[in-house]
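K.L.:
Quick one, fold the following:
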Amino acid sequence: MNRLILIETSTSLCSTAIAEDGKVTIEKISDEPRAHASLTALFVSDMLKEKGLKVTDCDAVAVSEGPGSYTGLRVGVSTAKGLCFGAGIPLISVGTLDTLVWQAMDEGLLPDGCEYIVPMIDARRMEVYTGVFTPDGRQVSPTVAQIVNPDSFRDCLEKGPVLFVGDGAMKCEGTITHPNATFVQLAPKASGMVKPATEALKAGTFRDVAYFEPFYLKEFVTTVSKKKLF
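P.N.:
Sure, this is the predicted structure:
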């Protein structure tokens with residue numbers, strides 16, 4: 001039996017799961033705002049206790065590599081690294097866009113005759129982190145930060161039905177109005193990581209625990225408050 005701890009914290013949802021032989025056997029999810037730092041490690045601990053397991057009983061930890069929330073990704077990766085270091089088990093990373101694609105397939109969200117799946121992570125205003133995938137989960141365009149306009153993805157849409165899915169999908173519905181476009185608002189969950197994470201485990205595709213960093217796509221930008229403190 002192979003057993004994986006899965007951690008997905010790239011968006012507003014804090015999600016963890018344990019998968020055994022490619023199937024989720026327990027999961028914890030919260031949409032509590034700004035609670036990733038306080039909940040992620042707790043969720044993993046609770047899952048292991050409920051299953052009567054130790055971290056060393058697992059074959060690897062899989063974590064979302066991004067793109068997504070800077071803070072969320074840092075929390076998830078830090079938690080995953082701590083588990084891997086402590087238990088001496090490998091680290092696996094799964095792209096957030098891949099997670100959304102497999103989640104959409106697992107939940108039966110693809111429209112009839114679907115030609116492409118376009119996962120979208122909200123990146124403020126009309127910008128999204130996105131890429132183009134085929135209905136079998138293969139990525140056919142680079143992951144980019146893209147400002148959506150009425151002509152976005154027109155080449156894909158002219159070929160047939162396209163599913164736009166993710167926490168950035170619905171905000172694009174009023175801009176991309178092609179009849180072949182279907183929009184589904186969906187936050188990535190740890191359960192959506194099972195297929196790619198299991199394949200990585202079998203292939204021995206592991207990340208360097210010491211040096212792995214999330215894929216932010218864009219640099220973190222800080223702002224200076226305009227409020228006067230004195």
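
K.L.:
Check whether residue 136 sits in a helix, strand or coil.
P.N.:
Following DSSP: H, G, I helix; E, B strand; the rest coil, residue 136 is assigned to coil.

K.L.:
what's the neighbour count on it?
P.N.:
8 (other Cβ atoms under 10 Å). Yep, even glycine has a C-beta here, placed from its N, CA and C like the rest.

K.L.:
How about residue 150?
P.N.:
Using other Cβ under 10 Å: residue 150 sits among 10 other residues.

K.L.:
Could you pull up the residues touching it?
P.N.:
Each residue near residue 150 by Cβ atoms under 8 Å, 6 or more residues apart in numbering is listed here: 175-177.

K.L.:
how close does residue 215 get to residue 98?
P.N.:
Applying Cβ to Cβ, to the nearest Å, the value for residue 215 to residue 98 is 11 Å.

K.L.:
Spatially, which residue comes closest to the residue positioned nearest the centre of the chain, not counting chain neighbours?
P.N.:
Most central in the chain under Cα atoms, centre = their mean is residue 96, positioned 2.8 Å from the mean C-alpha point. In this structure, residue 96 finds its nearest non-sequential neighbour in residue 10, 4.4 Å apart by Cβ to Cβ, 6 or more residues apart in numbering.

K.L.:
about what we covered before: give the contact list for the residue nearest to the centre of the chain.
P.N.:
For residue 96, the contacting residues are 8, 10-11, 64-68, 119, 121, 129, 188, by Cβ under 8 Å, 6+ apart.

K.L.:
Determine which two of those are furthest apart.
P.N.:
Spanning the widest gap among the contacts of residue 96 are 8 and 129, at 14.8 Å by Cβ to Cβ.

K.L.:
neighbour-wise, which of those two wins?
P.N.:
A count of neighbours by other Cβ under 10 Å puts residue 8 above the other of residue 8 and residue 129, at 30 against 25.

K.L.:
Show me what that one bridges to in the sheet.
P.N.:
residue 15 (DSSP bridges).

K.L.:
Would you check how far apart it and residue 118 are?
P.N.:
19 Å.

K.L.:
quick revisit: nearest to residue 162, of the contacts of residue 150?
P.N.:
So of the contacts of residue 150, ranked by how close each gets to residue 162 (Cβ to Cβ), first place is residue 176, at 8.9 Å.

K.L.:
returning to that earlier point: which of the contacts of residue 150 has the largest number of neighbours?
P.N.:
Going by other Cβ under 10 Å, residue 176 tops the contacts of residue 150 with 21 neighbours.
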